[in-house]
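Colleague: Provided below for reference: sequence and predicted model.
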Amino acid sequence: MRTAEDITALLEQVKDPEIPVISIRELGVLRNVSVDEDRVEVTITPTYSGCPAMDFMRLEVERTLREAGVERFTVHQALSPAWTTDWISEEGRKKLLDFGIAPPPSSADIRALKGTAPAIACPLCGSTDTTLVSHFGSTACKALYKCNACKEPFDHFKCH
Ligand SMILES: [Zn+2]
């Protein structure tokens, strides 16, 4: 018998296909795991509706469960409440930064700025003297920025 904790630990293997260092739990996509007798229920919430990576993550969850010998499972996709950047865990934010991606500001940060655009800090040198180059970076989920201090381009994980 597996517990919900066992299943959660197992699903730690499922990463964001675009950012392979961060798991779907750290990203806040994995919302809930429950086990009722031998039946496993997993709930995931897409970072935004129509995110192409979502189908992949769902298939990866199913494959991981099947490979671990879990026979009876259902993967639910919950659209409400909508995913927010606040669901990215602290370790997830740190991993994004280590991967060279500027993590999104939390909603508290955005509220504190009262509508002005948040300064995106360069993940390489930490400078906030950065310029938006393109709303679309290497994927639709990221925007491309350039650091004016170290001159390096970098991706910023966008809020949706
Ligand atoms: Zn820099």
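Modeller: Right, received. Where do you want to start?

Colleague: hey, where'd the helices end up in this protein?
Modeller: Under the criterion DSSP state H, the chain contains helices at 4-10, 52-67, 90-98, 107-112.

Colleague: buried ones in the longest one?
Modeller: Within helix 52-67, the residues that qualify as buried are 53, 54, 57, 58, 60, 61, 62, 64, 65, counting by 16 or more other C-beta atoms under 10 Å. Yep, even glycine has a C-beta here, placed from its N, CA and C like the rest.

Colleague: tell me what it is packed against?
Modeller: Helix 52-67 makes packing contacts with helix 4-10, strand 15-16, strand 39-44, strand 72-77 when contacts are defined by 3 or more C-beta pairs under 8 Å, 6 or more residues apart in numbering; DSSP states H and E.

Colleague: What of the third one?
Modeller: In this structure, helix 90-98 makes packing contacts with strand 19-23, judged by 3+ C-beta pairs under 8 Å, 6+ apart.

Colleague: related to what we said a few turns ago, go through the helices and strands packed on helix 52-67 and name the closest to residue 94.
Modeller: Nearest to residue 94, of all those, is strand 15-16, at 14.8 Å by C-beta to C-beta.

Colleague: Pairing partners for that closest one, with directions?
Modeller: Paired strands of strand 15-16, with direction, are strand 19-23 (antiparallel) (DSSP bridges).

Colleague: what does the partner strand rub up against?
Modeller: 11-16, 27, 30, 92, 95-96, 98-99, 101, 157 (C-beta atoms under 8 Å, 6 or more residues apart in numbering).

Colleague: for this protein, what helix or strand is lowest in average pLDDT?
Modeller: Least confident helix or strand, the chain: helix 107-112 with a mean of 75, by mean pLDDT, DSSP states H and E.

Colleague: In contact with the residue nearest the centre of the chain, which residues?
Modeller: For the chain, residue 27 is the residue whose C-alpha lies nearest the centre (C-alpha atoms, centre = their mean; 3.0 Å). By C-beta under 8 Å, 6+ apart, residue 27 lies in contact with 16, 19, 47, 87, 88, 92.
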